[in-house]
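*Asks:* sequence and computational prediction follow.
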Amino acid sequence: MRIIHTSDWHLGRSFHREGMLDAQSVYVDHLLSTIESEQVDLVVVSGDIYDRALPPVDAVALADETFARLAASRAKVVVTSGNHDSARRLGFNSRLIDASGVYFRTDASSSGTPVMLEDDHGPVAIYGLPYLEPDVLREPWGLESRSHTAVLTEAMRRVALDLAARPTGTRSVAMAHAFVAGGDASDSERDISVGGVSLVPTSVFESVDYAALGHLHGRHTLTDTIRYSGSPVAYSFSETNHLKGSWLVELGRDGFERADFVEAPVPRRLAQIRGDLDDLLNHPRHTDKEACWVQAVITDALRPTQAMERLRNRFPHTLILSFEPTGGSSATTPASKPLTGRSDHEIALDFVSDVRGAPATEAEAALLLDACDSCRHGSDADQVVSV
């Protein structure tokens, strides 16, 4: 059996206020193409289909189109809910949708009930474990501790019991959405820790032939049979060096045989650049970054004026700009000075000087004076202060 393992689509998510639906749609096209070119039998999507419990309508439309196309493909599909999804909304009408060959598994109580498929070597049991919330399940499952390890251990105990009752030689796949020890988080993942306890040991998944994990946005191979696919699209600059895509997994007669990573298309790369503004604007070594989403750090000793506008002349897709002056730190809070007896204009001038590291120009001082005066009335207006 040939399996595509993917997760963390986060449909509807933006990237620093830039919409990502076009990039997500490109991935969907790639996924459908891969199913045909690689003769894929099963697609497993391990959680976080949407970016939030109430996704925007255009994200729902893309999901609807995606699952309709998957249902019409040669592959069966098993989908679980992640911590970003609403399990109830994602699982709505799942019993009817099962008939299409797309199986949504969003109810914790069904953790030990697999989707059963067949290949030339016999049965394959796919256990779709949705995101399991320790606080919700501790009492109904009679757990002794409040942790992700506790809920996943209980879920996998149910998996093992069901698997033991299956015919000898039944191979198995478990899907889970959790932070399993050995992976590295990126900035775009939501913290799922409970009382500081979020890490789950890999030993929890030793009873199955393959564990298809979701939640971390970088691909990880924890063991040969326990892997994260990562998100198919980058959602933070901490993912600049990630290779995005999905795992193509092969199950043979005796279980796991191999896994190859299938790279996803990248509509626009990410880039992080650093240096003084003149260098960033003029040096040819930055040419290949001009079409990227850019995070820039400017190191000029004095904060340049109109830095973002000037950067965007060369790097039109600059999204983040920060200042780290050489030989010092970029002040974001003015030094504490007494306010009593000083005009608003004087305070504003001190703010500019503290933040920039240089006093306001004459034109800027005049503009600040006009701004201060426009907020005051009559005799309260500031007098002109020469600079």
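*Replies:* That came through fine.
*Asks:* give me the three-state assignment for Glu95.
*Replies:* One correction, residue 95 is Arg, not Glu. Under the three-state scheme (DSSP: H, G, I helix; E, B strand; the rest coil), Arg95 adopts helix.
*Asks:* so how many other residues sit close to it?
*Replies:* Using other Cβ atoms under 10 Å, Arg95 is surrounded by 9 other residues. Heads up, the C-betas are built off the backbone N, CA and C, glycines and all.
*Asks:* quick one, what contacts the residue lying closest to Leu90 once chain neighbours are set aside?
*Replies:* Nearest residue to Leu90, sequence neighbours excluded (Cβ to Cβ, 6 or more residues apart in numbering): Ser81, at 4.9 Å. Contacts for Ser81 (Cβ atoms under 8 Å, 6 or more residues apart in numbering) come out as Gly47, Ile49, Ala87, Leu90, Gly91, Phe104, Arg105, Thr106, Pro130, Tyr131, His177.
*Asks:* check contacts around the third one.
*Replies:* Each residue near Ala87 by Cβ under 8 Å, 6+ apart is listed here: Ser81, Thr106, Asp107, Pro130, Tyr131.
*Asks:* could you pull up phi and psi at it?
*Replies:* Main-chain torsions, Ala87, degrees, to the nearest 10: phi -60, psi -40.
*Asks:* buried stuff in the helix or strand of the chain with the lowest mean pLDDT?
*Replies:* The helix or strand of the chain with the poorest confidence is helix 344-356; it has a mean of 84 (mean pLDDT, DSSP states H and E). Across helix 344-356, burial judged by 16 or more other Cβ atoms under 10 Å covers Asp344, His345, Glu346, Ala348, Leu349, Asp350, Phe351, Val352, Ser353, Arg356.
*Asks:* and if you look at stretch 355-366?
*Replies:* So for stretch 355-366, counting by 16+ other Cβ under 10 Å, buried means Arg356, Gly357, Ala360, Glu364, Ala365.
*Asks:* let me see the domain layout of this structure.
*Replies:* 2-263, 269-330, 335-387 (automatic domain parsing).
*Asks:* any idea which of those domains is most buried?
*Replies:* Most buried of the domains of the chain, by mean neighbour count (mean count of other Cβ atoms under 10 Å): domain 2-263, with a mean of 19.
*Asks:* gap between stretch 66-85 and the chain center?
*Replies:* Its chain's C-alpha centre and that of stretch 66-85 lie 18 Å apart, by Cα atoms, centre = their mean, to the nearest Å.
*Asks:* do the same with stretch 160-175
*Replies:* With Cα atoms, centre = their mean, you get 32 Å for stretch 160-175.
*Asks:* what's the answer for stretch 289-303, then?
*Replies:* So, by Cα atoms, centre = their mean, the centroid of stretch 289-303 is 23 Å from its chain's centroid.
*Asks:* and it, how far apart are its ends?
*Replies:* 23 Å (Cα to Cα, to the nearest Å).
*Asks:* cool, and stretch 203-221?
*Replies:* Across stretch 203-221, the terminal residues are separated by 14 Å (Cα to Cα).
*Asks:* pLDDT weak spots in the stretch 151-300 of the chain?
*Replies:* 183-198 (pLDDT under 70).
*Asks:* go with 80
*Replies:* Within the stretch 151-300 of the chain, the set of residues satisfying pLDDT under 80 comprises 182-198.
*Asks:* can you give me the strands for it?
*Replies:* 171-177, 179-180, 199-200, 210-214, 220-223, 226-228, 245-252, 255-263, 270-275, 293-298 (DSSP state E, counting those that start in this stretch).
*Asks:* quick one: the last one to strand 270-275, angle?
*Replies:* Relative orientation of strand 293-298 with respect to strand 270-275: 20 degrees, computed using axes from the mean of the first three to the mean of the last three Cα atoms, to 10 degrees.
*Asks:* list of residues touching strand 293-298?
*Replies:* Residues contacting strand 293-298 (Cβ under 8 Å, 6+ apart): 15-16, 18, 237, 240, 268-277, 280, 304, 307, 311, 315, 317-324.
*Asks:* those in helices, which ones?
*Replies:* Among those, the members falling in helices (DSSP state H) are Leu277, Leu280, Ala307, Leu311.
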